[in-house]
Each structure stands twice: as structure tokens, then as C-alpha cells.
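Chemist: Compute the structure for the input listed below.
(one chain, ligands or ions: 1)
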Amino acid sequence: MLLLTLGYSAEAQSPNSDMTPRSGEATHDLTGLSLEELYNLDVIQLNVIGGHTHPAHEIMFGYEFMFMDMGGHLSGTRDVSEAEILRQFPSASTGMTVEEHMPEIMYAPTNKLTLMAMLPIKHIEMDMVLRDGFHFTEHSQGISDLQIMALYTALGSVSKGQRLLIDAGMSFPTGSIDEKNTIAGLDPSTFKLEYPMQLGSGTYDFRPGLTYLGESKKWAWGAEALTTLRFGRNDNGYRLGNEYNLMGWVGYALTDWFAPSLRVNGRIWGNVHGADPEIDSTFDAEGDPHRQGGRRVDFLMGVNFFVPEGIFKRTRVNIEGGFPIYENLDGPQLSTRWLLSAGLTYSF
Ligand SMILES: [Cu+2]
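Modeler: Predicted coordinates:
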């Protein structure tokens, strides 16, 4: 029932704005609700960067877990067998998992500006096989690149039901680009890990974007274009390719505490420019700077929970999982099988 209030407005900054209920909606007196309460009535907030904002002086703590499972190879959209890779390289990857733990904090100095900071912690594993059948696993683990972002509401407002946000983000090179592994039985046994196994970009990256957010009584929808633009070279003589993200989503509130959602996320990412002289580009495809780029469209289904009352009030839980519906890689490169994320946030 709380969701019925979404269509009504009582924006603290402009008490004279549109206070009349829209036609067709039930009438309740919501003028007593603060802006904070109005924001938090919205059960649907996808856990995507730039996907939601906070009212003035609100703080949010969050934790997000992400998992990606990769296996099988593509070159363009064509399946490439392990045998075919082993004719070209002395070793081939057979699978990879990326596990990410991400604490985040958000704070809104004003109703129009929300700031956020995130520090991902990654654990990456890649299974490899040599021509002679020898199997080994590569590991890397540690903090990735610190992300900060400002979300500025340029047009619209929560009470109007539609908003356009300008996203201005920055990524700092706190993640290691010097991850090495020692593998017994391999010669040389200690070697620098390939580009996808490194934890950070090694460069200061800009993340500009635009987010459109829409919400009605029971629906929330949105679209976002977010890029990662990299310049120069890192300490190891390369920079990762730029990234371009375009996504759209829709969520529907079945109750005041539960909303399923659908999201489509398209990504284009470029090849590595330059090369780390310590990474062997002939040992496997993952070490070749020209076999890193790709395009992918993911289809994701989510469930979003919101605690409207009690001690856990304003706690949100998001669980989302999906798989690529289109993948085109500068390969041979490992294909993504499925993705899963789970987030927990608390605002006060
Ligand atoms: Cu938040």
C-alpha cells in the first residue's frame, strides 16, 4: 500500500509544486511525508551504478557481491575449440571465474547531488591446460580500482516521476597490475599474469555518463549510458581499452516490499593499447593485447526486496542473475556463461 504514495509529491524544496493527485489514483493524504520518506517508498532501486540517488543528508552503506563464470571460447561469434587454440598457442584457458566483493558508501549533500565511492575486492581464477595435457590454475586476489562518482539531477525530480542525471566518475589505480603466479612443474615457474588476471587498470580513468530514471505508482524504469575513458599509459606501458555501456531496465512492484525486475546491458570494450613487456603474448591468447576487446549484451532478471518498517527499515536486498544473449569477442577469448550479483544496502 505504501507504493500507492509514489505518484504523489511533497518535495521539501518546493512545497507549492504539483500537490494534486493525478487522475485515476486513490486519494490519501501524504502531505505529511518528508522527502526522505517519499524517496524510500520506492521499492524498486536496481543496484546499478547511477541507478538511484538519495535525498539531502542521507547516507547509504552497501555491500555487493558479484560472480561471473566463463567457459568456452569465441572468436568473433564463432565457437573455437581448445584443440584449435592449442595449435596456435602452447597453452589454452579452460575456464575462469571472477568473484567481486564491493563495499560502497553514498552520501547526498543536496537533493540534486549524490556522491558515491566503491572499492571492489576481486578474486580471479583461471584454469589452464598445456599441449601435453598438464593442468594448472592461475589466481589473483586483492583490491581493485577505487571508484568515485557524482550523480547530478539535471532535469526533473523524484516528485515529477522522471529524472535525467549527469554522472561524473573517476577510477583511481589502487588495483595491482603486477600480479604474478608461481606454478610448480612449469618452466619458468614464476610469471606475470595475463591482462584479464590483473586487478586494476593502472591508469586514472574518467567515467562520464547519463542516466534516465522514471517511476510511477508501481513501475520503475530507466536507461543509462556509462563510459570508461582511459588516457596515457600505466607504469607497465599499456592502457586497457575504453568501455561503453548502454543499459535499460524495468521493475514492477508486486507488493510494498517485493519487486521483480528485468535488465538488458550492452557493453563494448576495446583492446589493450601498448603492452606489458613482462606479459608473454605468445604463451596464451589472454596475454595477447590484441585479443582483449569485445561486445556483449546481457539479459538479467532480478528480485528486489525493501523493508518498509521495523528495525531493518530502509534495508534493501537485490539479487540479479543473467547470461549473455549476444557475444562477439576479439578472440579466441573466454565466453561468459552466466553472471550473478547480490547487494545489500542500508540508508539512514
Ligand atoms: Cu544509494
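
Chemist: With adjacent residues omitted, what lies nearest to residue 155?
Modeler: Leaving out its chain neighbours, the residue that sits closest to residue 155 by C-beta to C-beta, 6 or more residues apart in numbering is residue 164, at 4.1 Å. C-betas here are computed from N, CA, C, even on glycine.

Chemist: Could you point out the helix or strand that follows the helix or strand encompassing that neighbour?
Modeler: With elements delineated by DSSP states H and E, residue 164 resides in strand 162-172, which encompasses its position. Where DSSP H and E defines the elements, the next helix or strand beyond strand 162-172 is strand 180-182.

Chemist: can you tell me which residues contact residue 212?
Modeler: By C-beta atoms under 8 Å, 6 or more residues apart in numbering, the residues touching residue 212 are 162-165, 222-224.

Chemist: any idea how far the ion is from it?
Modeler: Residue 212 sits 17 Å away from the ion, going by C-beta to the ion, to the nearest Å.

Chemist: before we move on, what about residue 121?
Modeler: Residue 121 is 19 Å from the ion, where distance means C-beta to the ion.

Chemist: Start the count at 176 instead of 1 going forward.
Modeler: New numbering, starting at 176: the last item is residue 296.

Chemist: That residue: neighbour count?
Modeler: 15 (other C-beta atoms under 10 Å).

Chemist: Next: residue 365.
Modeler: Around residue 365 there are 9 residues (other C-beta under 10 Å).

Chemist: for the one 4 residues further on, same thing?
Modeler: Applying other C-beta under 10 Å, we find 26 other residues in the vicinity of residue 369.

Chemist: Does it touch residue 457 like I think?
Modeler: No. Residue 369 sits out of contact with residue 457 when judged by C-beta atoms under 8 Å, with a separation of 11.8 Å.

Chemist: Could you pull out the residues contacting both of those two?
Modeler: With the criterion set as C-beta under 8 Å, 6+ apart, the contacts of residue 369 and residue 457 do not overlap.

Chemist: how about the residues of the stretch 176-325 of the chain near the ion?
Modeler: In this structure, the stretch 176-325 of the chain approaches the ion at residues 235, 281, judged by C-beta under 5 Å from the ion.
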